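Trainee: Take this sequence and fold it.
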Amino acid sequence: MEAYVYGEKRILPDGFADYADPARTAVVSIDMHAGHLSERRDCPCPAPRMREIVKPVDAFHAAARSLGIPVIHVRSVLRKGGVDDVKGIPSAWRRTFPLLVGPIPNSNDHAIEGSPWNEFVTHVAADDLIVSGKKRLSAFYSTDLDLLLRNLGVRIIVLTGGMTDCCVLNTAFDGANRDYRVIVPPDLVRGTDPSLEAGALAMMSIHLGLVMESGELLRVWREAGNGGPSKG
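Mentor: Predicted structure coming up:
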């Protein structure tokens, strides 16, 4: 298996077979909804770099489904009125992120339940699973993602979506702390900018799991499904 270690692609040594079992794997796609991806001027939390991965993410998810690997879509959802956040204890990013990007005029509408901003932009197939209610940065925090994964018998999670240096990174930390084997395809996640994206991927590659291109991961899964080697 090939993976990136601190930005350098390497052939992994033996000892990573527990990352390569498609029967115990699920894809977890994070926040690929209109609140980040819409091109409308009133998009409450625009993440324009994420738009370029919509088609590649859809293609990867389709390939995963064809191999019997479940696809789980996680979305941020806050209660109407904002009591979970803006009218309660506001998320830290609401004050710190504008220091970099400037004011975000409609940010108070981000993730409010029942709004069009919660609609997925990536394809959701009939048999896909949805985890709603993400209220902070990690897909595990305040959701039943861990319960779902354990009931599915999943021990390996593949993270797609955004943002690499924010929600993906936090989810990777929480997943690794729960002893899931975490895989992040760098071609299927996007961050605030290339620099922060690279830094987040480097951190994940040495502390949290494997950073592996989606094509290589599909090759490993198909090889494992055909009874081939799954060591390094």
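Trainee: What is the neighbour count of Gly215?
Mentor: Neighbour count for Gly215, taken as other Cβ atoms under 10 Å: 13. For the C-beta atoms, the positions are set from N, CA and C on the backbone; glycine is no exception.
Trainee: Please tell me the pLDDT value assigned to it.
Mentor: pLDDT recorded at Gly215 is 98.
Trainee: Can you tell me the element it falls in?
Mentor: If you go by DSSP states H and E, Gly215 is part of helix 214-225.
Trainee: hang on, Pro56 in a strand?
Mentor: No: Pro56 is assigned helix when assessed by DSSP: H, G, I helix; E, B strand; the rest coil, not a strand.
Trainee: Could you look up the SS state of Arg95?
Mentor: Here Arg95 is recorded as helix under three-state DSSP.
Trainee: what separates it from Ser107, distance-wise?
Mentor: 10 Å (Cβ to Cβ, to the nearest Å).
Trainee: which of these two has more neighbours?
Mentor: More neighbours surround Ser107 than the other of Arg95 and Ser107, with 20 against 9 (other Cβ under 10 Å).
Trainee: Spatially, what comes nearest to the more buried one if we skip its sequence neighbours?
Mentor: Nearest residue to Ser107 in three dimensions, chain neighbours excluded: Pro44, at 5.3 Å (Cβ to Cβ, 6 or more residues apart in numbering).
Trainee: Pull the number of nearby residues for the one you found.
Mentor: 20.
Trainee: was I right about it contacting Pro116?
Mentor: No: here Pro44 lies out of contact with Pro116, judged by Cβ atoms under 8 Å, at a distance of 10.3 Å.
Trainee: low-scoring pLDDT stretches of the chain, where are they?
Mentor: 227-232 (pLDDT under 70).
Trainee: Show me the strands in it, by range?
Mentor: Taking DSSP state E as the test, the strands found in the chain are 2-5, 8-11, 25-30, 71-76, 129-134, 156-162, 181-184, 189-190, 209-211.
Trainee: and the second one, C-alpha only, in CSV?
Mentor: Once side chains and other backbone atoms are set aside, the C-alpha atoms of strand 8-11 remain, and they are given as CSV (Å, rounded to 0.1, in the frame of the first residue of the first chain):
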residue,chain,number,x,y,z
GLU,A,8,6.0,12.3,1.0
LYS,A,9,4.5,9.3,-0.8
ARG,A,10,5.9,6.0,0.5
ILE,A,11,5.3,2.3,0.2
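Trainee: what residues does it touch?
Mentor: 1-4, 232 (Cβ atoms under 8 Å, 6 or more residues apart in numbering).
Trainee: of all those residues, which two lie farthest apart?
Mentor: For the contacts of strand 8-11, the maximum inter-member distance is 14.9 Å, found between Tyr4 and Gly232 (Cβ to Cβ).
Trainee: Name the residue in these two with the higher neighbour count.
Mentor: Tyr4 (19 against 14).
Trainee: Report the separation between the closest residue in space to that one that isn't next to it in sequence and Lys9.
Mentor: Spatial nearest neighbour of Tyr4, excluding adjacent residues (Cβ to Cβ, 6+ apart): Val211 at 4.3 Å. According to Cβ to Cβ, Val211 stands 9 Å off from Lys9.
Trainee: Now do the shared contacts for these two.
Mentor: Ala3.
Trainee: Please identify which of these two sits among more neighbours.
Mentor: A count of neighbours by other Cβ under 10 Å puts Val211 above the other of Val211 and Lys9, at 25 against 12.
Trainee: For that one, list the residues it contacts.
Mentor: Residues near Val211 by Cβ under 8 Å, 6+ apart: 3-5, 183-186, 201, 204-205.
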